[in-house]
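Chemist: Fold the following and give me the result.
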Amino acid sequence: MNFHQYHYNGSFQLENGQSLESLTIAYHTAGTINKNKDNIIWVCHALTANSDVFEWWAGLFGENDLFNPNDHFIICANVLGSNYGTTNPLSTNPGTNSPYYRDFPIITIKDMANAHQLLAEHLNIDTIKLLIGGSLGGQQALEFTLLNKVKIDNLVLLATNAVHSPWGIAFNESQRLAIEADATFNDKIEEAGKNGLIAARTIAMLSYRTYSIYEQKQKDDYSVFNDFKASSYQKYQGQKLADRFNAHSYWTLSKAMDSQNIARTKESLEKSLAQISSNTLVIGISSDILFPPSEQKFIAKHIPNAKYVEIESLFGHDGFLIELDELNKILKPFA
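Modeler: Modelled structure (predicted):
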């Protein structure tokens, strides 16, 4: 995929009433828009992913995969607040000429969708063949669709919700508390809160996976009384994220996820979903405890003519990234 950055020099209004005086949007593309402009696939990524969808969804997106650059123009934009090239807490605040750090404003999923809309206008995209996203990516896809400025022919939502649950907010708050407990988080440095981020990620893993998969993958034999596989796995996952991400962006994006409510300025969730006219497929993961299937069934019930499919998996929420054989079968009609 090819990396690009779009620099928008106008004032970008945020949902909370504040604004960013300039905005940079990082994005990746692959393939070419065809003559009829009917081969555009727009991917919305999840919490700590980046805009290179070939990297984190390989097996579904790639040179020789179901969604490939020979047949499609594939685009994925890095979300507002993420540290992979889009304006984020480590970006320079024009008002101070130093990074925002903790002064970065609170953002919402709708703000992310409005940034996607800016990019679509910059690229002269007014019709998208397929808009797809899982988890926080699915939240963006819903908000992007509801802006009703780009025609979305097909919408695929995986392991996501229309409003974030108290359960999901509680998980995120526990992670933020871990970050805030790191005394360095208030320091105005890039590495601030790094140990807190490691702890936060270990909390997150418990919501992304399941009892069954830990039992299958991390179980020790009876001779072990210390240095358990599960302990090492948690530390590994925490450090792995801390090596590529930062606590400022993680804190900011988790807050944005909590903000998800497509009916915040509308009458109801049901009536908001009823406005969607795209051919919609909603996919749930049977063992997902963070975004349980009931949330996807609710979306499918209230979008006219939407279809719901559930994938049986032991992997929990992460199943939407892992169960590639099933996803290829389900999504083949959209290729």
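Chemist: what are the ranges of the strands in the protein?
Modeler: Applying DSSP state E to the chain gives strands spanning 2-8, 12-13, 19-20, 23-30, 40-44, 73-77, 92-93, 98-99, 127-134, 151-158, 279-285, 307-311.
Chemist: Now do the same contact list for residue 3.
Modeler: 26, 27, 28, 51, 52, 85 (Cβ atoms under 8 Å, 6 or more residues apart in numbering). Glycine gets a C-beta too; all of them are placed from N, C-alpha and C.
Chemist: Just give me the neighbour total for residue 40.
Modeler: Residue 40 has 24 neighbours, counted by other Cβ atoms under 10 Å.
Chemist: ok, what's across the strand from it?
Modeler: Applying DSSP bridges to residue 40 gives these bridge partners: residue 73.
Chemist: before we move on, back to that, can you pick the most crowded of the contacts of residue 3?
Modeler: Most surrounded of these: other Cβ under 10 Å gives residue 51, at 26 neighbours.
Chemist: so it makes contact with residue 45?
Modeler: Yes. Applying Cβ atoms under 8 Å, one finds residue 51 in contact with residue 45, separated by 6.5 Å.
Chemist: Please identify every residue contacting each of the two.
Modeler: Both residue 51 and residue 45 are contacted by 76, 78, under the criterion Cβ under 8 Å, 6+ apart.
Chemist: Could you spell out which stretches of the chain belong to which domain?
Modeler: Domain segmentation of the chain under the TED database yields 2-164+263-334, 168-256.
Chemist: How far does the first one sit from its chain's centre?
Modeler: What that stands for is domain 2-164+263-334. 7 Å (Cα atoms, centre = their mean, to the nearest Å).
Chemist: can you give me the end-to-end distance of that domain?
Modeler: 23 Å (Cα to Cα, to the nearest Å).
Chemist: what's the answer for the last one, then?
Modeler: Terminal residues of domain 168-256 are spaced 12 Å apart (Cα to Cα).
Chemist: pLDDT on that domain, on average?
Modeler: Mean pLDDT, domain 168-256: 97.
Chemist: Residue 247 versus residue 184, what's the distance?
Modeler: For residue 184, the distance to residue 247 equals 9 Å [Cβ to Cβ, to the nearest Å].
Chemist: more neighbours, the two?
Modeler: Neighbours per residue (other Cβ under 10 Å) separate residue 184 from residue 247, with residue 247 holding more: 27 against 14.
Chemist: Could you find the closest non-adjacent residue to that one?
Modeler: Leaving out its chain neighbours, the residue that sits closest to residue 247 by Cβ to Cβ, 6 or more residues apart in numbering is residue 193, at 3.1 Å.
Chemist: Name the residues that touch stretch 78-93?
Modeler: Outside stretch 78-93, the residues touching it (Cβ under 8 Å, 6+ apart) are 3, 5, 20, 22-27, 44-45, 48, 50-51, 77, 98-104, 107, 111-112, 115, 136, 140, 190, 245-246, 248-249, 252-253, 256.
Chemist: before we move on, back to that, closest one of the contacts of residue 3 to residue 234?
Modeler: residue 52 (26.4 Å; Cβ to Cβ).
Chemist: what's near enough to touch the closest one?
Modeler: Shown in contact with residue 52 (Cβ under 8 Å, 6+ apart): 1, 3, 28, 76.
Chemist: One more pass at 6 Å, please.
Modeler: By Cβ atoms under 6 Å, 6 or more residues apart in numbering, the contact set of residue 52 is 1, 28.
Chemist: Residue 245 now?
Modeler: Per Cβ under 6 Å, 6+ apart, neighbours of residue 245: residue 48.
Chemist: for the stretch 151-300 of the chain, what spans make up the helices?
Modeler: Secondary structure of the stretch 151-300 of the chain by DSSP state H, counting those that start in this stretch: the helices cover 166-180, 194-208, 211-217, 229-242, 247-258, 269-274, 293-302.
Chemist: quick one: the fifth one to helix 194-208, angle?
Modeler: Interaxial angle, helix 247-258 versus helix 194-208 (axes from the mean of the first three to the mean of the last three Cα atoms, to 10 degrees): 30 degrees.
Chemist: Other residues contacting helix 247-258?
Modeler: 47, 81-83, 88-89, 104, 106-109, 136, 164, 169, 172, 176, 179, 193, 196-197.
Chemist: The shortest one now?
Modeler: By Cβ under 6 Å, 6+ apart, the surrounding residues in contact with helix 269-274 are 162, 262, 263, 266, 302, 303.
Chemist: Many thanks, have a good one.
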